[in-house]
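> just to be clear, the model below is a prediction. Sequence and coordinates:
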Amino acid sequence: MATALHTPKLLLMYPTVFTPRMGKDAKPGDKPKYSCTGLILPKDRMAADDQARLAAIKKACFDLACEKIGRDKAVALLRDRKLKLGFRDDIVSKGYPEDFVEWIQPWTFNPPGVVGPYKDPSTGKAVRITDPKDLFSGCWGRMSVVPFYYDREGNKGVGMFLNNIMKTLPPEGFSETRLAGQRSAEDDFEGTEDLALPPEASLSDVPTAAAGSSIAGGDSAAELAALLG
């Protein structure tokens with residue numbers, strides 16, 4: 001099995017890591033999956049070590065494609081955008097924040113481990129997260145991923161299996177913001193009626209709802225770097 005690689009810091013979206021779910025286009029016989037989407041910052045907004053992590057994953061995905069179908073074919077398919085390497089750039093059409101340039105969505109049939117950034121003083125290891133409310137859309141984290149090759153119905157490419165997730169502190173210049181994925185009821189509707197209260201009542205009495213390195217070969221390293229992003 002390929003070596004697991006750590007991603008750079010990602011903005012985590014739609015973490016489904018405690019209870020698996022069926023995909024929207026699931027077919028009979030499909031199994032529910034665990035998954036998490038990770039949004040990737042531009043390289044110039046990453047720390048140097050995170051740039052290296054991203055380059056290593058992209059190179060591993062490219063090398064795996066070359067191993068399966070040959071380097072020349074992999075490069076040609078990349079040029080024609082007919083080979084997927086696990087990274088997508090449709091940020092705007094997906095409605096993701098424009099601070100980001102790419103996204104990934106590793107998945108697994110097995111429950112991934114989830115830890116936080118802080119050490120357990122008794123073991124020296126990262127403290128495990130067990131409450132689903134502690135991992136949410138809008139927090140930051142790294143994923144441990146393993147590239148895999150697929151060829152299904154004419155679609156060739158490299159995807160990523162999800163091993164584990166570490167929730168992290170945000171990178172410099174960013175904050176952690178819980179993204180509900182929908183507007184609040186207060187923003188969705190305007191009040192139309194004045195609230196009539198008995199003279200002795202207050203608003204608090206009113207019940208409310210509960211809250212890489214260069215790739216050598218016949219093609220130039222610069223061209224391949226452009227193809228790999």
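In hand now; what should we look at?
> thought Pro111 was touching Leu162, still the case?
No - the criterion here is Cβ atoms under 8 Å, and Leu162 misses it with Pro111 at 9.9 Å. Where C-beta positions appear, they are placed from N, C-alpha and C, glycine not excepted.
> name the residues contacting each of the two.
Common neighbours of Leu162 and Pro111 (criterion: Cβ atoms under 8 Å, 6 or more residues apart in numbering): Val17, Tyr34.
> looking at the two, which is more packed in?
Using other Cβ atoms under 10 Å as the criterion, Leu162 and Pro111 rank with Leu162 on top: 26 against 12.
> if I look at the more buried one, how far off is Ala76?
Distance from Leu162 to Ala76, counting by Cβ to Cβ, to the nearest Å: 30 Å.
> Phe100 too?
29 Å.
> the more surrounded of these two?
The neighbour count for Phe100 versus Ala76, taken as other Cβ under 10 Å, is higher for Phe100 (19 against 14).
> surely the more buried one touches Gly38?
No - using Cβ under 8 Å, Phe100 makes no contact with Gly38, being 9.4 Å away.
> which residues do those two both contact?
Leu11.
> report pLDDT for the spatially closest residue to Gly157 that is not a sequence neighbour.
Excluding the flanking residues, the one nearest Gly157 by Cβ to Cβ, 6 or more residues apart in numbering is Lys84, at 3.3 Å. pLDDT, Lys84: 92.
> count the residues that sit near Lys84.
Using other Cβ under 10 Å, Lys84 is surrounded by 17 other residues.
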